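Colleague: please work out how this folds:
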Amino acid sequence: MTTDASSGKLDTIGKWSLIIGPALAVIFNLLLPTNGFDPINPESSSEYIAELGADAGVAQVYMVLILIGVVLYTRAIIGLYRAAPEGAAKMRLGIGMMGAAAALSLWGVAIGLGLAEASTSEKVVDATAAGAAEAAAPAGLVASAMHAAYFGVLQVATYVGYIALIPIGGGIAASGIVRKEFGWVISLLGLATIILTSIFPVKTEEGIMLFGILVLIWGIVFLAMGLQIARDDMS
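Modeller: Residues are numbered from 1 along each chain as shown. Model (predicted):
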């Protein structure tokens with residue numbers, strides 16, 4: 001089902017993507033063994049690898065579900081762009097849509113590195129438990145390299161994804177698709193995240209905790225917006 005560009009209504013797939021996508025990303029980000037409300041300090045790579053390796057299978061499933069959530073979110077942004085009226089709103093959402101698409105590719109790389117780190121971390125944990133130090137040492141080096149790469153890409157993905165929120169929010173505020181206050185909050189969230197994650201990078205203990213809180217806020221805002229749009233369409 002598609003939407004006429006001047007209708008100001010989000011298509012059905014976009015609407016459900018706006019609700020389900022952020023919910024998946026937030027829930028399974030919190031459920032990751034290394035995350036939650038008391039995340040493992042990423043700077044303590046040995047502790048992080050041990051925790052991740054102990055529940056590698058579950059972590060990998062959750063990572064895939066997070067990626068599906070981000071894909072659905074990106075589809076929702078595309079739907080908002082299509083529904084926006086011609087003019088400033090469509091132009092801003094167009095810029096935001098390109099940013100969201102670029103961020104999706106980076107999230108994909110980050111998740112891929114996370115999957116690889118989980119797999120290698122499991123080998124480290126198994127080799128350590130079996131007392132096979134010779135096997136654990138090289139696997140540990142590979143896991144540490146994956147760990148550093150994962151958080152490097154995660155930082156860049158965060159920048160790109162949240163920079164995109166600034167024009168996305170501006171476009172939503174001007175579009176008339178939903179209450180403009182949602183757009184203002186989204187733009188402010190994007191700006192605040194860029195500033196805060198520059199001060200506290202995601203690879204730090206403070207940064208990863210802050211990142212989890214910002215992701216939670218992002219999910220709540222977009223979920224609330226999706227539910228508001230669905231309710232408005234039913235009334």
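Colleague: nearest residue to residue 126 other than its sequence neighbours?
Modeller: Of all residues not flanking residue 126 in the chain, residue 53 sits nearest, at 7.7 Å (Cβ to Cβ, 6 or more residues apart in numbering). Bear in mind the C-beta positions are built from the backbone N, C-alpha and C, glycine included.
Colleague: same question, residue 101
Modeller: Counting by Cβ to Cβ, 6+ apart, residue 74 is the residue found nearest to residue 101 once chain neighbours are left out, at 6.2 Å.
Colleague: show me where pLDDT drops low in the protein?
Modeller: Residue ranges of the chain with pLDDT under 70: 1-8, 132-135, 235.
Colleague: ranges for the strands of it?
Modeller: Using DSSP state E, the chain contains no strands.
Colleague: wait, residue 95 sits on residue 167?
Modeller: Yes. With contacts counted by Cβ atoms under 8 Å, residue 95 reaches residue 167, the gap being 4.3 Å.
Colleague: more neighbours, the two?
Modeller: For the pair residue 95 and residue 167, the greater number of neighbours falls to residue 167 (22 against 18), based on other Cβ atoms under 10 Å.
Colleague: need the contact list for residue 218.
Modeller: 22, 26, 165, 189 (Cβ atoms under 8 Å, 6 or more residues apart in numbering).
Colleague: again, only using 7 Å
Modeller: Neighbour list for residue 218: 22, 189 [criterion: Cβ atoms under 7 Å, 6 or more residues apart in numbering].
Colleague: please apply the same query to the one 3 residues further on.
Modeller: Under the criterion of Cβ under 7 Å, 6+ apart, the contact partners of residue 221 comprise 182, 185, 186, 189.
Colleague: the residue nearest to residue 101 contacts residue 104, correct?
Modeller: Yes. The pair residue 74 / residue 104 is scored as a contact, 4.8 Å apart, by Cβ atoms under 7 Å.
Colleague: rewinding a little: what about the residue nearest to residue 101, how many neighbours?
Modeller: Residue 74: 22 surrounding residues under other Cβ under 10 Å.
Colleague: what of residue 147?
Modeller: The number of residues near residue 147, taken as other Cβ under 10 Å, comes to 22.
Colleague: so how do I select the buried members of the contacts of residue 221 in PyMOL?
Modeller: Buried subset of the contacts of residue 221, written as a PyMOL selection, criterion 16 or more other Cβ atoms under 10 Å:
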select buried, resi 182+185+186+189
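Colleague: between the contacts of residue 221, which is nearest residue 12?
Modeller: Nearest to residue 12, judged by Cβ to Cβ, of those is residue 182 at 19.4 Å.
Colleague: ok, now how distant is the nearest residue to the closest one once chain neighbours are set aside from residue 155?
Modeller: Distance criterion Cβ to Cβ, 6+ apart; nearest residue to residue 182, sequence neighbours excluded, is residue 225 at 4.6 Å. Distance, residue 225 to residue 155, by Cβ to Cβ, to the nearest Å: 26 Å.
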